[in-house]
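A.B. asks: just to be clear, the model below is a prediction. Sequence and coordinates:
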Amino acid sequence: MGTLYYGDAGTPIEIDDRALAHLKIAITTKLRRNESFTLSWRHVDGQTRGRSSLWLHPAIPLRFVFETPEAPELDREWIEDLMRGANSGGGIVLDLEHAAAQKPTGPKPVEAA
């Protein structure tokens with residue numbers, strides 16, 4: 001399980017390593033272009049019921065921490081889906097339960113982050 005740290009938020013966001021690697025590509029691509037957007041998710045079991053959203057901005061510190069030392073195989077289509085979300089008015093909406101269940105599929109890998 002990886003962790004996303006954003007700004008001075010006291011609560012780290014736990015995200016499956018593979019999902020976090022895909023998010024890292026989408027997020028850093030947008031922020032490198034000085035483009036802000038939202039990242040939203042529903043809270044998983046064991047957390048307070050509800051959902052959360054972050055406004056991601058290039059000036060706010062961001063850190064990705066991965067549990068595993070090896071970079072996972074990335075799926076180009078998943079990254080493209082995340083980018084479409086980031087470019088929309090609704091931002092990226094991440095389904096954490098679905099993301100944790102994702103397995104590498106097919107011969108569409110891209111270089112790992």
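C.D. replies: Ah, there it is.
A.B. asks: tell me the pLDDT of Glu111.
C.D. replies: Listed pLDDT for Glu111 reads 52.
A.B. asks: same check on Ser52?
C.D. replies: Looking at Ser52, the pLDDT reads 90.
A.B. asks: make sure I have this right: it is in a strand.
C.D. replies: Yes: Ser52: assigned to a strand according to DSSP: H, G, I helix; E, B strand; the rest coil.
A.B. asks: just list whatever residues bridge to it.
C.D. replies: Note on Ser52: beta-bridge partners by DSSP bridges are Trp41.
A.B. asks: identify the residues contacting it.
C.D. replies: Going by C-beta atoms under 8 Å, 6 or more residues apart in numbering, Ser52 touches 13, 40-41, 43. C-beta: built from backbone N, CA, C; applies to glycine.
A.B. asks: model confidence for Arg49, exactly?
C.D. replies: 80.
A.B. asks: give me the three-state assignment for Ala21.
C.D. replies: Going by three-state DSSP: Ala21 is helix.
A.B. asks: so how far is Gly89 from it?
C.D. replies: To Gly89, Ala21 is 26 Å away according to C-beta to C-beta, to the nearest Å.
A.B. asks: got it, and Ala59?
C.D. replies: Distance from Ala59 to Gly89, by C-beta to C-beta: 21 Å.
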